[in-house]
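Could you work out the structure for the sequence below:
(chains A and B)
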2 protein chains.
Amino acid sequence: REVLFFPSRPCCIEALLAEAAEPGAPARPCPCPLPSGDTALSRLVRRLLSARRSLDLCLFSFSCPQLARAVQLLHRRGVRVRLVTDAQFMGLHGSQIGRLRHAGIQVRHDQHSGYMHHKFAIVDRRMLITGSLNWTTQAIQSNRENVLVVEDAEYVKAFQDEFERIWEEYNPANYIFFP
Amino acid sequence: REVLFFPSRPCCIEALLAEAAEPGAPARPCPCPLPSGDTALSRLVRRLLSARRSLDLCLFSFSCPQLARAVQLLHRRGVRVRLVTDAQFMGLHGSQIGRLRHAGIQVRHDQHSGYMHHKFAIVDRRMLITGSLNWTTQAIQSNRENVLVVEDAEYVKAFQDEFERIWEEYNPANYIFFP
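Numbers count the residues shown, from 1 in each chain, chains lettered A, B, ... in the order given. Below is the predicted model of the structure:
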């Protein structure tokens, strides 16, 4: 049970990613000038990297390269990643959606004029990460934002059910290509 | 403990407002064509109208007239309403901020280029209402959105503390008018 508030100090998450990719491997110092350390961003990344079986993402906007690398790493490690996003925002400059699709991650999107405006993640069907934060560097570093980490089964189930509803509704078999 | 998902069916909340303004008064049927009934919007309004002493609002965007009427009603009823919002968004067409200020409600805003992107309300310092939902009719009626209602003291305290930090930081005494 945790609440993260943003903006987060910029920080280097290379050590976190390296440890998740190869647990126990000797740490190689990162040459970047950013401090490592405990920030809202590093805490968010740690929570995501705790996934062992599944990661369900329902994100309006996803352009933060650091979070995209964490998601790709989980995918490579065999975690089942599913991503739902907003059709209008996934094509914007800097969006990580193309890169994640290219890596083999399943992505589905809406076909509505309304926004798919959720910003939540569910780790292993047991931990809900939700709030006001879009997964963009601007939001992480410049905005006042909140993210709740919730393991209460009732909340998690409500969001998991919403995810499954959206996942089915946005099945590409239902896409209309020539309306 | 509740989770509300949007979009919400359009609905009439006149009966809810009338009952809150004058409890026990005979119901007058509303001439509008909207159905009344149980929707995500009516549930959100009910939670807000349960305020007796204080309502702290921290809202990126607030343009929904129905929610503005509920907030005004609480203010008239003597509930202490404080509102924090985003400087760039409060001037947009349809924003309810001017109307609420005009009604005598205290409003403070940021002076940053980053957004004040929170979307939460705290009722009587005991109930947290937070999620992805901006308080706009577009979001309520067209977007996929979530709102959590949380009475867990630990979460409420974290958000109340964040509200007080922002409230102090955005004190008009700190505004810079001629940078």
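
Quick check on A:Asn174: phi, psi?
phi -100, psi 0 (degrees, to the nearest 10).

scratch that, A:Gln160 is what I was asking about
According to degrees, to the nearest 10, A:Gln160 has phi -60, psi -40.

can you list the residues of chain A near chain B?
A:1, A:3, A:5, A:7, A:60, A:110, A:112-120, A:130-133, A:138-139, A:141-146, A:148, A:152, A:154-155, A:158-159, A:162, A:166 (CB under 8 Å from any CB of the partner chain). Where C-beta positions appear, they are placed from N, C-alpha and C, glycine not excepted.

What lies in contact with stretch A:9-20?
By CB atoms under 8 Å, 6 or more residues apart in numbering or on different chains, the residues outside stretch A:9-20 that reach it are A:25, A:27-28, A:30, A:32, A:34-37, A:39, A:41-42, A:45-46, A:49, A:66, A:69-70, A:73, A:77, A:141.

Give me the subset of these that lies in helices.
Residues of the contacts of stretch A:9-20 located in helices (DSSP state H): A:Leu41, A:Ser42, A:Val45, A:Arg46, A:Leu49, A:Gln66, A:Arg69, A:Ala70, A:Leu73, A:Gln141.

The last one: what's it in contact with?
Listed by CB under 8 Å, 6+ apart, the contact set of A:Gln141 reads A:Phe6, A:Pro7, A:Ser8, A:Pro10, B:Gly114.

For the ones in helices among the contacts of stretch A:9-20, give me JSON lines that also has pLDDT.
Converted to JSON lines, those look like this (pLDDT from 0 to 100):
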{"residue": "A:Leu41", "pLDDT": "97"}
{"residue": "A:Ser42", "pLDDT": "96"}
{"residue": "A:Val45", "pLDDT": "98"}
{"residue": "A:Arg46", "pLDDT": "97"}
{"residue": "A:Leu49", "pLDDT": "98"}
{"residue": "A:Gln66", "pLDDT": "95"}
{"residue": "A:Arg69", "pLDDT": "97"}
{"residue": "A:Ala70", "pLDDT": "98"}
{"residue": "A:Leu73", "pLDDT": "98"}
{"residue": "A:Gln141", "pLDDT": "96"}
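
For the nearest residue to A:Ala121 once chain neighbours are set aside, the count of nearby residues, please.
Once flanking residues are discounted, A:Ala121 sits nearest to A:Ile129: 4.4 Å by CB to CB, 6 or more residues apart in numbering or on different chains. If you count neighbours by other CB atoms under 10 Å in any protein chain shown, A:Ile129 ends up with 22.

now A:Ile97
Count around A:Ile97 with other CB under 10 Å applied: 22.

Select the helix or strand of chain A having the lowest average pLDDT value.
Scoring the helices and strands of chain A by mean pLDDT, DSSP states H and E places helix A:14-21 at the bottom, with a mean of 93.

Give me the buried entries from the contacts of stretch A:9-20.
Among the contacts of stretch A:9-20, the ones that count as buried by 16 or more other CB atoms under 10 Å in any protein chain shown are A:Thr39, A:Leu41, A:Ser42, A:Val45, A:Leu49, A:Gln66, A:Arg69, A:Ala70, A:Leu73, A:Gln141.

Could you check how many residues crowd around the nearest residue to the fifth one once chain neighbours are set aside?
So the one you mean is A:Leu49. When the adjacent residues along the chain are set aside, A:Leu49 lies closest to A:Ala20, with 4.4 Å between them (CB to CB, 6+ apart). The local packing of A:Ala20 (other CB under 10 Å) involves 19 other residues.

try A:Gln111
The burial count for A:Gln111: 13, using other CB under 10 Å.

do the same with A:Leu74
Neighbour tally, A:Leu74, other CB under 10 Å: 22.

Hmm, it is touching A:Leu49, no?
Yes. Look at A:Leu74 against A:Leu49 with CB atoms under 8 Å: they come within range, at 7.0 Å.

And the strands in chain A?
A:2-6, A:54-59, A:80-85, A:106-109, A:119-123, A:127-131, A:145-150 (DSSP state E).

Export those as CSV, with columns for distance to B:Gln106 and mean pLDDT.
Output for the strands of chain A, formatted as CSV (distance: least, CB to CB, whole Å; pLDDT from 0 to 100):
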stretch, distance to B:Gln106, mean pLDDT
strand A:2-6, 22, 97
strand A:54-59, 34, 98
strand A:80-85, 38, 98
strand A:106-109, 41, 96
strand A:119-123, 29, 98
strand A:127-131, 25, 98
strand A:145-150, 22, 98
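
Serialize those to JSON lines and add fields for distance to B:Ser54.
Output for the strands of chain A, formatted as JSON lines (distance: least, CB to CB, whole Å):
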{"stretch": "strand A:2-6", "distance to B:Ser54": "20"}
{"stretch": "strand A:54-59", "distance to B:Ser54": "32"}
{"stretch": "strand A:80-85", "distance to B:Ser54": "37"}
{"stretch": "strand A:106-109", "distance to B:Ser54": "40"}
{"stretch": "strand A:119-123", "distance to B:Ser54": "27"}
{"stretch": "strand A:127-131", "distance to B:Ser54": "23"}
{"stretch": "strand A:145-150", "distance to B:Ser54": "19"}
